[in-house]
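Visitor: Fold the following and give me the result.
(one chain, ligands or ions: 2)
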Amino acid sequence: MATANKNLSEYDKSTIPNAKNFRFGIVVSEWNADITEGLFKGAHKALMDCGATKENIIRLNVPGSFELIFGSKKMITTQNVDVVIAIGSVIQGETKHFDFVCSATAQGIKDLNVLYDTPVIFCVLTDNTMQQAIDRSGGKHGNKGAEAAIAAIKMAAIIK
Ligand SMILES: Nc1c(NC[C@H](O)[C@H](O)[C@H](O)CO)[nH]c(=O)[nH]c1=O
Ligand SMILES: CC(=O)[C@@H](O)COP(=O)(O)O
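Guide: Ligands and ions are numbered 1, 2, ... in the order given. A predicted model of the protein is given here:
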């Protein structure tokens, strides 16, 4: 189902485990910071709404989405978290760089899920325009950060 046909922020709390005993790492790219901050706020709000505590949400900033890979590995190996949410916003420019950043970041995060026993949630917007990014980080299509937070809680419940 395309994002346009659903609201990314909607979830049924009755179907989600309580997050009070889970530790969350959130790695946030500084590229397109207005967008990534919106995603972070959406994720943080949803985690708290589902029972997480502020003390159990650890944040790490990285320069860009490509660095989410190393930042997530560092979060896994040093912060004793149950799950990581990797937040980024990649927006098409004039060149093929968009394709390489999106592909490498997706593959790198996938690799972390294979190499480590700590799930890493892919919360990276890959948009053609800034408006698409705005619409998916708290705009008319909701907030992909909230969607990622729910995925993180469900994955933490699986591994605990
Ligand atoms: N153009 C965007 C980037 N590019 C930067 C890369 O992510 C990386 O930081 C650089 O290549 C150095 O390794 N990053 C984004 O997150 N979003 C973009 O739109
Ligand atoms: C995703 C990118 O790296 C891109 O925004 C960079 O812009 P450009 O392709 O115009 O150099």
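Visitor: and Val62, what does it touch?
Guide: The contact partners of Val62, taken as CB atoms under 8 Å, 6 or more residues apart in numbering, are Val27, Val28, Ser29, Glu30, Leu68, Phe70, Gly71. (C-beta placed from N, C-alpha, C; glycine too.)
Visitor: Pick out the residue in the protein sitting closest to ligand 2.
Guide: Closest residue of the chain to ligand 2, CB to the nearest ligand atom: Gly93 (2.2 Å).
Visitor: For that residue, grab phi and psi.
Guide: Here is the backbone geometry of Gly93 (degrees, to the nearest 10): phi -110, psi -150.
Visitor: Burial check on it, number of neighbours?
Guide: Other residues within reach of Gly93, judged by other CB atoms under 10 Å, total 9.
Visitor: do the same with Ala148
Guide: Ala148: 24 surrounding residues under other CB under 10 Å.
Visitor: The one 10 residues further on too?
Guide: For Ile158, the neighbour count with other CB under 10 Å is 11.
Visitor: Give the buried residues for the helix or strand hosting it.
Guide: If you go by DSSP states H and E, Ile158 is part of helix 144-159. For helix 144-159, the neighbour count (16 or more other CB atoms under 10 Å) marks 144-157 as buried.
Visitor: which one of those is nearest Gly138?
Guide: Within the buried residues of helix 144-159, proximity to Gly138 (CB to CB) peaks at Gly145, which comes in at 8.0 Å.
Visitor: Could you list the low-pLDDT ranges of this structure?
Guide: In the predicted model, the chain carries pLDDT under 70 at residues 1, 4.
Visitor: How about the residues of it by ligand 2?
Guide: Neighbours of ligand 2 within the chain, by CB under 6 Å from any ligand atom: Val90, Ile91, Gly93, Glu94, Thr95, His97, Phe98, Val101.
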